[in-house]
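In: Got a predicted structure plus its sequence, pasted below:
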Amino acid sequence: MRGPSGKSGAGITGFDCSGLTQYAFARVGIRLPRVDSAQAAKGQRIRSKGALRPGDLVFYGYGPDADSTIYHVGLYAGNGQMINAARPGTKIRLDPVDAMTGFAGGARVL
């Protein structure tokens with residue numbers, strides 16, 4: 001399996017948040033920028049948790065209306081849950097979207 005850089009993913013042991021979303025979208029042929037704040041500029045922005053659909057990006061920031069303050073991204077899984085790489089070195093897990101403060105909306109890339 002090849003990642004966004006064209007290198008084999010065989011040695012991958014973990015992700016940071018934006019690396020996880022970048023890798024997931026690369027698997028379906030969509031290139032995302034490397035950092036979470038830049039990923040927020042892709043696709044259709046979503047401002048309401050209730051409007052999120054599985055596959056949407058979910059963002060968290062210090063200033064919910066300023067993409068430049070975004071510090072975290074997850075992948076919405078449905079039913080108020082997101083696939084989350086909390087920080088490098090931790091296992092990828094399913095977390096409630098409300099588990100983190102600073103919800104800054106989402107983006108529908110697909």
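Out: Great, that's in hand. Residues are numbered from 1 along each chain as shown.
In: Mind naming the longest helix for the chain?
Out: As assigned by DSSP state H, the longest helix anywhere in the chain is helix 17-26.
In: what's that one packed up against?
Out: The elements that helix 17-26 packs onto, with contact taken as 3 or more C-beta pairs under 8 Å, 6 or more residues apart in numbering; DSSP states H and E, are helix 36-39, strand 70-78, strand 81-84. No exception for glycine: its C-beta is placed from N, CA and C like everyone else's.
In: Pull out the buried positions in the longest one.
Out: By 16 or more other C-beta atoms under 10 Å, the buried positions in strand 70-78 come out as 70, 72, 73, 74, 75, 76, 77.
In: cool, and the first one?
Out: With burial defined by 16+ other C-beta under 10 Å, the residues of helix 36-39 counted as buried are 36, 37, 39.
In: Adding pLDDT and distance to residue 86, write these out as TSV.
Out: Output for these, formatted as TSV (pLDDT from 0 to 100; distance: C-beta to C-beta, whole Å):
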residue	pLDDT	distance to residue 86
36	93	13
37	93	18
39	96	17
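In: now those residues as JSON lines including distance to residue 91?
Out: Converted to JSON lines, those look like this (distance: C-beta to C-beta, whole Å):
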{"residue": "36", "distance to residue 91": "19"}
{"residue": "37", "distance to residue 91": "24"}
{"residue": "39", "distance to residue 91": "22"}
